[in-house]
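Peer 1: mind folding the following:
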Amino acid sequence: MTTDDVLAAWTAELTAALGFPEGFELDRDVVLDLARDAAHGVARPAAPLTTFLVGYAAGLRGGTADDVAATASVASRLAVARNPESTAQ
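Peer 2: Predicted coordinates:
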C-alpha cells in the first residue's frame, strides 16, 4: 500500500467518523503544502497547529473548498515570509 493509499483511506475513515457530509472532498495537497510551509518557515510543531487553525478559520467562513484555499493561502504566505529561503520545492 502506497502513502497515497494510506492517506486516502485515513481521510475517508476520519471524515466519516467526524460526521463530514457524504461526498466531502479534500484538496490534500493544499493541506500538505501548508503543513510543509509552516514546518519549514516557522517550526516543525507549527505544522499541525497551523493546519488546525486554518481548518477552523475556513469552517467559520463557511467551510467551502474556496474558504480552505483562501485561509491556507494566508497562512502559507505568513509562514514563508518568516523564512523565505525555505520555500517549497
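
Peer 1: alpha carbons only for contacts and neighbour counts from here, please
Peer 2: OK.

Peer 1: check which helix or strand covers residue 79.
Peer 2: Assessed by DSSP states H and E, residue 79 sits inside helix 65-82.

Peer 1: where does the prediction get shaky in the chain?
Peer 2: 86-89 (pLDDT under 70).

Peer 1: so which residue is dead centre in it?
Peer 2: What sits nearest the mean C-alpha location of the chain, by CA atoms, centre = their mean, is residue 31, with 2.2 Å.

Peer 1: quickly find the element holding the nearest residue to that one once chain neighbours are set aside.
Peer 2: Distances taken as CA to CA, 6 or more residues apart in numbering place residue 51 nearest to residue 31, at 6.7 Å, with adjacent residues excluded. Using DSSP H and E, residue 51 sits in helix 46-61.

Peer 1: what is that helix packed up against?
Peer 2: helix 28-41, helix 65-82 (3 or more CA pairs under 8 Å, 6 or more residues apart in numbering; DSSP states H and E).

Peer 1: so what does the last one touch, helix or strand wise?
Peer 2: Helix 65-82 sits against helix 28-41, helix 46-61, with contacts defined as 3+ CA pairs under 8 Å, 6+ apart.

Peer 1: just say which of the ones you listed is most tucked in.
Peer 2: Most buried of these, by mean neighbour count (mean count of other CA atoms under 10 Å): helix 28-41, with a mean of 21.

Peer 1: count of neighbours near residue 7?
Peer 2: Residue 7 has 12 neighbours, counted by other CA atoms under 10 Å.

Peer 1: now it: how far from residue 29?
Peer 2: 11 Å (CA to CA, to the nearest Å).
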